[in-house]
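Asker: Take this sequence and fold it.
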Amino acid sequence: MIRQIIASGLSAILIGVTPALADKVTVSINKISADGIGAPIGTILMKDSHHGMMVTPNLTDLPPGAHAFHIHQNPNCGAAMKGGKKVAGLMAGSHYNPTKVRHGKGMKHGHGMKPHGDLPDISAGTDGTATKGVMTDRVKVDQIRGRAIMVHRYGTNEAGKPKGGGARFACGIIPK
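Answerer: Purely as a prediction, here's the structure:
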């Protein structure tokens, strides 16, 4: 009888712990170019919390400054052809956007609605490292499993789109 109670209690504890473990994921990030996927530059940890999803980069070798940071639709960081030219990371597709929100719809004073996959910019120091996390309440970890996360060369403009043509700089596949 006591063994059954202890076993039931341990099962309840383990069942209670399991969902918390599923609410985080670590993504390996590599540089990308028109030639394909390059060298690894670090990881990004995504973890759900009561306030939203915390996204914490541990990246090196970035150009100093702000970088747009998005969840993209497809789990593929490869290059593809556009306008007769190979483009880095194009196989990742567009931003994850299940409700088809247009950038800047309802804009007021530079703030508007953004697709679910748009994350706040990350910033790299003069040494090229980015370690400061950002928070989003637009998505949860389970919604973005099996997609790509893209780091763009430049930060976002007021309409929420990457500056400087939105060059895709680094990418990783979010595990399922």
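Asker: And the strands in the protein, which stretches?
Answerer: In the chain, the segments counted as strands under DSSP state E are 24-33, 36-49, 52-59, 65-72, 80-82, 85-87, 118-124, 134-136, 148-152, 168-173.
Asker: Quick one: residues contacting Arg147.
Answerer: 71-75, 96, 117, 173-174 (CB atoms under 8 Å, 6 or more residues apart in numbering). Where C-beta positions appear, they are placed from N, C-alpha and C, glycine not excepted.
Asker: Look up how far Pro63 lies from it.
Answerer: Distance, Arg147 to Pro63, using CB to CB, to the nearest Å: 24 Å.
Asker: and what of Gly146?
Answerer: From Gly146 to Pro63 the distance is 29 Å (CB to CB).
Asker: Number of residues surrounding Val139?
Answerer: Residues within reach of Val139, counting by other CB atoms under 10 Å, total 22.
Asker: Looks like it contacts Pro98 (just checking).
Answerer: No - if you go by CB atoms under 8 Å, Val139 and Pro98 don't touch, sitting 9.3 Å apart.
Asker: in the protein, which ranges drop under the pLDDT threshold?
Answerer: Low-confidence segments of the chain (pLDDT under 70): 1-22, 102-116, 157-166.
Asker: Find the centremost residue of the protein, please.
Answerer: Nearest to the mean C-alpha position of the chain, by CA atoms, centre = their mean, lies Ile149 at 3.9 Å.
Asker: what's the nearest residue to His152 if we skip its chain neighbours?
Answerer: Spatial nearest neighbour of His152, chain neighbours left out: Ala68 (3.9 Å); criterion: CB to CB, 6 or more residues apart in numbering.
Asker: wait, I meant Phe169
Answerer: Using CB to CB, 6+ apart, the nearest residue to Phe169 is Arg153, at 4.4 Å.
Asker: quick one: that neighbour and His95, what's the gap?
Answerer: Counting by CB to CB, the gap from Arg153 to His95 is 16 Å.
Asker: what do you get for Gln73?
Answerer: Gln73 is 7 Å from His95, where distance means CB to CB.
Asker: thinking again about what came up before, hey, which of the strands of the chain is tucked in deepest?
Answerer: strand 148-152 (a mean of 26; mean count of other CB atoms under 10 Å).
Asker: counting contacts, what elements does that one pack onto?
Answerer: strand 24-33, strand 65-72, strand 168-173 (3 or more CB pairs under 8 Å, 6 or more residues apart in numbering; DSSP states H and E).
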